[in-house]
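> quick one, what's the 3D model for this:
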Amino acid sequence: MILGFSIALIVFSLLMVLLVLLHKGKGGGLSDMFGGGMSSSIGGSSVAERNLDRITIVLGIAWFACLVVLSLLMKFK
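Next up, the predicted model:
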């Protein structure tokens, strides 16, 4: 069980790094490669950027939950 949560934590960590790099910064970002830069300036952020935000938040919550469960498993082992 500990091995499974350790592997999940590594996978979640790598996905978090990838998703954070895809976000748009001050001068654009890697998300522009996938159509994030085609939004109009009136509408604010694009649909792709909002969906990327939501996915990042959900993955961050899953990463944190995995971290808590793994630490509890190791404590009570």
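> then stretch 54-61 to CSV, C-alphas only?
Taking Å, rounded to 0.1, in the frame of the first residue of the first chain, the C-alpha atoms of stretch 54-61 are listed here in CSV:
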residue,chain,number,x,y,z
ARG,A,54,-9.3,23.7,-12.6
ILE,A,55,-7.3,20.6,-13.5
THR,A,56,-4.3,22.0,-11.6
ILE,A,57,-6.4,22.7,-8.5
VAL,A,58,-7.9,19.2,-8.6
LEU,A,59,-4.5,17.6,-9.1
GLY,A,60,-3.1,19.7,-6.3
ILE,A,61,-5.8,18.5,-3.9
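> contacts for it, please.
12, 15-16, 19-20, 23 (Cβ atoms under 8 Å, 6 or more residues apart in numbering). The way it works is simple: take the backbone N, C-alpha and C, and place the C-beta from them, glycine included.
> format the residues you listed as CSV; extra columns: neighbour count.
Formatted as CSV, the contacts of stretch 54-61 follow (neighbours: other Cβ atoms under 10 Å):
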residue, neighbour count
F12, 18
L15, 16
M16, 15
L19, 17
V20, 14
H23, 14
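> between those, which is nearest C66?
Taking Cβ to Cβ as the measure, C66 lies nearest F12 of the contacts of stretch 54-61, at 5.9 Å.
> can you tell me the helix or strand for the most centrally placed residue in the chain?
The centre of the chain sits closest to T56, judged by Cα atoms, centre = their mean, with a distance of 3.1 Å. In the assignment (DSSP states H and E), T56 maps to helix 47-75.
> please apply the same query to I7.
Going by DSSP H and E, I7 is part of helix 2-22.
> which positions in that helix come out as buried?
5, 8-9, 12, 15, 19, 22 (16 or more other Cβ atoms under 10 Å).
> any chance of these in CSV, plus distance to V68?
CSV is the format used below for the buried residues of helix 2-22 (distance: Cβ to Cβ, whole Å):
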residue, distance to V68
F5, 10
A8, 12
L9, 11
F12, 12
L15, 18
L19, 20
L22, 26
